[in-house]
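Asks: sequence and predicted structure below; questions after.
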Amino acid sequence: MELYFIRHGQSQNNANWNNTEYQESPDPALTEMGHEQAHLLADFLKKNQTLTNDKVWNIQNRYGFGLTHIYTSMMERAVYTAAPIAQALDIQLTQWQIISMIFVMLLTSKGAAGVTGSGFAALVATLAAMPDTVPVAGVVIIAGIDRFMSEARALTSLSSNAVACIVVAMWEGACDKAVLKRELTEGYATLPDEVPEQAQAA
């Protein structure tokens, strides 16, 4: 087994190292040069990915790299450096890996209903726990659109869970339909303009 350490591309902190007015960020983004460096590295690794001779000692990777896994921290500069590499290597999943990922995601996403962005966090945690499937860096491909989709997904999950609770309650005979109808008809309860002193003390 061979382990390779890859430094991230140029970040905003790196580009402004001598700028006295620049305030360093704990999680800086990549600069244009940093993104270009990441893509150049991905192209290089893809070009030299195939092992041409696995029988001899591969000094300085003369016979290719043969990368099989990518591990990265969740720092933005690291993820955006690793993402082009993960995409260029085109790691394929078996049917068993896909089924196991779906099963795990069904469990890890149960507590994420109604919380915007929690689905993305559950996805990252699942991929980190299953290193033989998709590299965690690959989630950066959907990071942008997920900021918008997560809001719609949270509302959908919240509504579906509310409906499921009513259905299960009716199924078990524990739903008071008269109370349910009254609550749904009245809508939101109006709060008084002035809060009683006893409530304030509580």
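Replies: Yes, it's here.
Asks: residues in contact with Leu89?
Replies: Leu45, Lys46, Gln49, Leu67, Ile70 (CB atoms under 8 Å, 6 or more residues apart in numbering). All C-beta atoms are positioned from the backbone trio N, CA, C, and that covers glycine.
Asks: the third one contacts Phe65, doesn't it?
Replies: Yes - checked against CB atoms under 8 Å, the pair Gln49 and Phe65 is within contact range at 5.7 Å.
Asks: quick one, which of the two is more surrounded?
Replies: A count of neighbours by other CB atoms under 10 Å puts Phe65 above the other of Gln49 and Phe65, at 18 against 15.
Asks: can you list the weak-confidence ranges in this protein?
Replies: Scanning the chain for pLDDT under 70 picks out the ranges 1, 74, 91-98, 101-102, 105-106, 108-119, 130-138, 140-147, 187-202.
Asks: as a check, name the ranges of all helices in this structure.
Replies: Per DSSP state H, the chain carries helices over the ranges 12-15, 32-47, 76-89, 95-108, 118-129, 143-171, 177-186, 197-201.
Asks: which of those sits most buried?
Replies: helix 76-89 (a mean of 22; mean count of other CB atoms under 10 Å).
Asks: just want the angle from that helix to helix 118-129.
Replies: 70 degrees (axes from the mean of the first three to the mean of the last three CA atoms, to 10 degrees).
Asks: now do helix 76-89: distance to the chain's middle.
Replies: 14 Å (CA atoms, centre = their mean, to the nearest Å).
Asks: report the angle between the axes of that helix and helix 32-47?
Replies: Using the same axes, to 10 degrees: helix 76-89 against helix 32-47 is 30 degrees.
Asks: can you list the domains in this structure?
Replies: Listed domain ranges for the chain are 1-16+23-91, 92-187 (source: automatic domain parsing).
Asks: in a markdown table: the helices of the chain, plus distance to Glu24.
Replies: Below are the helices of the chain laid out as a markdown table (distance: least, CB to CB, whole Å):
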| stretch | distance to Glu24 |
| --- | --- |
| helix 12-15 | 5 |
| helix 32-47 | 15 |
| helix 76-89 | 12 |
| helix 95-108 | 34 |
| helix 118-129 | 25 |
| helix 143-171 | 23 |
| helix 177-186 | 52 |
| helix 197-201 | 44 |
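Asks: brilliant, that's me finished.
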